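1. What shape does this take:
(4 chains)
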2 protein chains.
Amino acid sequence: MTPDHVFTALASPARRELLRLLRDEGAQPAGRLAERFDMSRPSVSEHLRVLRDAGLVSETRKGRERHYRLEAAPLMEIRDWLGPYERFWRERLATLTAVLDEMEDDDAR
Amino acid sequence: MTPDHVFTALASPARRELLRLLRDEGAQPAGRLAERFDMSRPSVSEHLRVLRDAGLVSETRKGRERHYRLEAAPLMEIRDWLGPYERFWRERLATLTAVLDEMEDDDAR
DNA sequence: TTGATATGTAGGAAAAATCCTACATATAGT
DNA sequence: ACTATATGTAGGATTTTTCCTACATATCAA
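-> As a prediction, the model looks like this:
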């Protein structure tokens, strides 16, 4: 029930950058993605595997290339997970607003 | 600018459970939190430290106890991070809807 | 078929995370 | 002052993650 693998996959900056690239530039072959990193191609390949295991990317073979595509569905789980916490930062925001109001009162005084 | 520490902190099931407890039951002393885990108290203490470093909990000393409180603000960063991906699962949902519509058409036929 | 290209996998070194058992520290109560 | 309680920190064993260099596999092009 807990989106374990998704959170783990997102914990790596390299993997988040991969997701961003696929989001902003569309599906791409593994090699083209790897070029953008200061890391060996096999390491990027491994990161792609982790993302695939988490369901965050899908792989389709195009000739000798493998195109990776962003699969955003698992991110909905993260969003759902965040849901019950929203109340808390709303409260925080309310507190902040109250403080700011008080400061304005001080200014006016 | 990237919420690195926050994602890392959320990668652990134990730490997510700590956040949930603080969310559902309010601020609590470290020991009371530790009782809920199959893990040694010092290990829970360490997890609380990671959460504190990520800004996800705050600590206030009450006598010889230390009360931990949920600080949900960093979770806003996660929510913001998700923003640009929303478009994608909307598309996914649209595709799913289209498929379901087609299935309905098949039924009617 | 032969050689070049695109990519995954194996194996292992190094770094980081996890979790434990002492131990240190600080406060409360007697 | 003395003892018990609440909790953090140190040090270390174990596991996991990360990243590398070969190497294997598959496809394309001539």
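2. And the residue sitting nearest the centre point of chain A, how close does it get to DNA strand C?
-> Taking Cα atoms, centre = their mean, the centroid of chain A lies closest to residue A:16, which sits 5.3 Å from it. For residue A:16, the distance to DNA strand C (Cβ to the nearest atom of the strand, to the nearest Å) stands at 15 Å. Yep, even glycine has a C-beta here, placed from its N, CA and C like the rest.
3. For DNA strand D, see how far away that residue is.
-> From residue A:16 across to DNA strand D, the span is 11 Å (Cβ to the nearest atom of the strand).
4. Mind telling me what element residue A:88 is part of?
-> For residue A:88, the element it lies in under DSSP states H and E is helix A:73-108.
5. which strands and helices sit next to that helix?
-> Using 3 or more Cβ pairs under 8 Å, 6 or more residues apart in numbering or on different chains; DSSP states H and E as the contact test, the elements touching helix A:73-108 are helix A:4-10, helix B:13-25, helix B:73-108.
6. need those helices in CSV with mean pLDDT, can you?
-> As requested, the helices and strands packed on helix A:73-108 are exported to CSV (pLDDT from 0 to 100):
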stretch, mean pLDDT
helix A:4-10, 94
helix B:13-25, 98
helix B:73-108, 83
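7. picking that back up, how far out from the middle of the chain is the helix holding residue A:88?
-> Centroid separation for helix A:73-108 versus its chain: 21 Å, with Cα atoms, centre = their mean, to the nearest Å.
8. Can you pull the residues of chain A lying near DNA strand D?
-> A:8, A:11-12, A:14, A:38-40, A:42-43, A:46-47, A:50, A:61, A:63-64 (Cβ under 7 Å from any atom of the strand).
9. ok, and of those residues, which contact DNA strand C?
-> Within the residues of chain A next to DNA strand D, those near DNA strand C by Cβ under 7 Å from any atom of the strand are A:42, A:46, A:64.
10. what residues does chain A put near DNA strand C?
-> For chain A, the residues in contact with DNA strand C (Cβ under 7 Å from any atom of the strand) are A:29-32, A:34, A:41-42, A:45-46, A:48-49, A:59, A:64-67.
11. Out of those residues, which two are the most distant from each other?
-> Pairwise distances across the residues of chain A next to DNA strand C (Cβ to Cβ) peak at 19.6 Å, for the pair A:46 and A:64.
12. centre of the chain versus stretch A:71-80, how much separation?
-> Offset of stretch A:71-80 from its chain centre (Cα atoms, centre = their mean): 9 Å.
13. Which part of chain A gets nearest to DNA strand C, residue-wise?
-> residue A:31 (2.1 Å; Cβ to the nearest atom of the strand).
14. show me the contacts for the closest residue to residue A:40 other than its chain neighbours.
-> Nearest residue to residue A:40, sequence neighbours excluded (Cβ to Cβ, 6 or more residues apart in numbering or on different chains): residue A:34, at 8.0 Å. Counting by Cβ atoms under 8 Å, 6 or more residues apart in numbering or on different chains, residue A:34 touches A:40, A:41, A:44, A:45.
15. from what I can see residue A:75 touches residue A:57, true?
-> No - if you go by Cβ atoms under 8 Å, residue A:75 and residue A:57 don't touch, sitting 11.6 Å apart.
16. quick one: residue A:43 from residue B:101, how far?
-> The gap separating residue A:43 from residue B:101 is 43 Å, by Cβ to Cβ, to the nearest Å.
17. circling back to that earlier point, make CSV out of the helices and strands packed on helix A:73-108 and add distance to residue A:22.
-> Output for these, formatted as CSV (distance: least, Cβ to Cβ, whole Å):
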stretch, distance to residue A:22
helix A:4-10, 13
helix B:13-25, 26
helix B:73-108, 9
